[in-house]
Each structure stands twice: as structure tokens, then as C-alpha cells.
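Colleague: Structure of the sequence below:
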Amino acid sequence: MRNHKISHRKISSRYHKSQVSLFYLKFKKSIKKGRPKLLALMKNLFYPAVLGTGFIVLLNRIFIRQGINACFKDITTYFGVIIMVAFCFLYMETFLLQSVYRILTFFLDLVEIILFFLLFHFLGFFDYKATSLKIFYLLLSVSPIITQLWNVSVDDNDKILWVISLIFSSIFLMGSFWFSQYILFNIVISFLCIGLFLYSLKFWRTE
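Modeller: The predicted structure follows:
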């Protein structure tokens, strides 16, 4: 009886292991599988809606809420413009994507969209009282990492951009914890963001 029970347990254990392995293989295959419908949804709905909203909010702040003169003196306006332009290029890269668009890629695009709204929120574009450069820098430190994970999800893993992204993330974190109140630091960061953006164009995500 004991040997029979032990044998039955072994068979049951092997069966469960085979089922787990089969489930893992199906799950892995599902993740790697291309999702053209999700890509169409992202290109034709999510990105255009977000960009349109951001553009209207930006114009509303410059011409109605604050005025042109006040906006020119406000560093958050420049950050908003830089983020808007960078997000436009992210949309172009997704639109022209030649690689396989996977579930993970779609999820990371959604994270970038949510991050876009949060960055605008803490720059005071929706509510000026919500302005917080500390939280803005903290969120901004996540952005380069998300972008590189997006690259990996479409089989484009550039080590140079990983190093640069980690350096910028570290700088943004320092800004969040120590330097966000200094005007000079904010100006330097705005130029660094432009520099990172221009440099990253050399490593077009969809190539």
C-alpha cells in the first residue's frame, strides 16, 4: 500500500510539474506574440488623445491662465514644452514601429501615458496649487528607465542608452531630494533634458 501511494504521489507530482511547464510555455509564447490590435489602439486612440489634451492644456496655461510674460519667467513652462515635444517623438516612434508590438510594450506605453499626466499635474498645468518640483523630479527619474524597458520589449537593447538613462535618473533623484528649490539647478536640468532628448534621437527606438 505504501509503495502504491508513493508511486501515485510521484505520478501526480510529475503531472503537476508538466502542467506548470506547459502553462509557462504558453504564457511565454503569449507575451512574445505580436499584438497588432493593441498597437492600432495605441496609435489611433491613446496617444492622439493624450497629445491633444496636453497641447490644449499647454496653450491654455500660456495664453489664458498665466499669460505669455508670466510663463516665460516660469521654469515649469519650459519643462512642459520639453515633455510635450519628447512625448510627440515617442508617439512617432510607436507609430512607425517595425518590430513586434507585444502586451508588455502596450503596458509600458500605458505607463508612459500615465507618467505624462502626472508630470503635467505636478508642474501645475491642471492645478497651479499642485505644483511640486520634488515630486516632478521623482517621477521624471522613472521616465528614462521606462523608455529603456520599452526598447527591450521590442528587442532593441542598447547598452549605451542604458548607462545614460541611469545617470539621468540619478540626477533627477538628486534634484527631487536636495536641489529642486534652486533655480540654477532647474535651468541646468532643463538643458540636460534637451541634451538627452537630442542625443537619444541618434538611437531611434524603432530601428
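Colleague: going forward, measure contacts between C-alpha atoms and count neighbours the same way
Modeller: Noted.
Colleague: Show me the contact partners of stretch 118-131.
Modeller: For stretch 118-131, contacts defined as CA atoms under 8 Å, 6 or more residues apart in numbering pick out 57-58, 61, 76-77, 79-80, 132-133, 135-136, 139-140.
Colleague: shaky segments in the chain?
Modeller: 1-35, 179-180, 182, 194-207 (pLDDT under 70).
Colleague: any idea how far the residue nearest in space to the middle of the chain lies from residue 119?
Modeller: Central residue of the chain (CA atoms, centre = their mean): residue 112, 3.2 Å from the mean position. Using CA to CA, to the nearest Å, one gets 10 Å for the distance from residue 112 to residue 119.
Colleague: Need the CA coordinates for the strand or helix carrying residue 166. PDB is fine.
Modeller: For residue 166, the element it lies in under DSSP states H and E is helix 159-174. In PDB, the C-alpha atoms belonging to helix 159-174 read as follows (Å, rounded to 0.1, in the frame of the first residue of the first chain):
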ATOM      1  CA  LYS A 159      23.800  49.400 -23.500                       C
ATOM      2  CA  ILE A 160      25.000  53.000 -24.100                       C
ATOM      3  CA  LEU A 161      21.500  54.300 -23.700                       C
ATOM      4  CA  TRP A 162      21.000  52.200 -20.500                       C
ATOM      5  CA  VAL A 163      24.100  53.900 -19.000                       C
ATOM      6  CA  ILE A 164      23.000  57.400 -20.000                       C
ATOM      7  CA  SER A 165      19.500  56.800 -18.700                       C
ATOM      8  CA  LEU A 166      20.700  55.500 -15.300                       C
ATOM      9  CA  ILE A 167      22.900  58.600 -15.000                       C
ATOM     10  CA  PHE A 168      20.000  60.900 -15.800                       C
ATOM     11  CA  SER A 169      17.700  59.000 -13.400                       C
ATOM     12  CA  SER A 170      20.300  59.500 -10.600                       C
ATOM     13  CA  ILE A 171      20.500  63.300 -11.400                       C
ATOM     14  CA  PHE A 172      16.700  63.600 -11.300                       C
ATOM     15  CA  LEU A 173      16.600  61.700  -8.000                       C
ATOM     16  CA  MET A 174      19.100  64.100  -6.500                       C
END
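Colleague: That helix: how far from the chain's middle?
Modeller: 14 Å (CA atoms, centre = their mean, to the nearest Å).
Colleague: before we move on, what about stretch 135-145?
Modeller: The mean C-alpha position of stretch 135-145 is separated from the chain mean by 9 Å, CA atoms, centre = their mean.
Colleague: distance between the ends of that stretch?
Modeller: With CA to CA, one end of stretch 135-145 sits 17 Å from the other.
Colleague: What are the buried residues along the helix holding residue 166?
Modeller: The neighbour-count check on helix 159-174 (16 or more other CA atoms under 10 Å) flags 161, 162, 165, 166, 168, 169, 171, 172, 173, 174 as buried.
Colleague: Also stretch 76-84?
Modeller: 76, 77, 78, 79, 80, 82, 83, 84.
Colleague: What's the separation between the residue nearest to residue 155 when sequence neighbours are not counted and residue 137?
Modeller: Spatial nearest neighbour of residue 155, chain neighbours left out: residue 99 (7.6 Å); criterion: CA to CA, 6 or more residues apart in numbering. Residue 99 sits 31 Å away from residue 137 when distances are taken as CA to CA.
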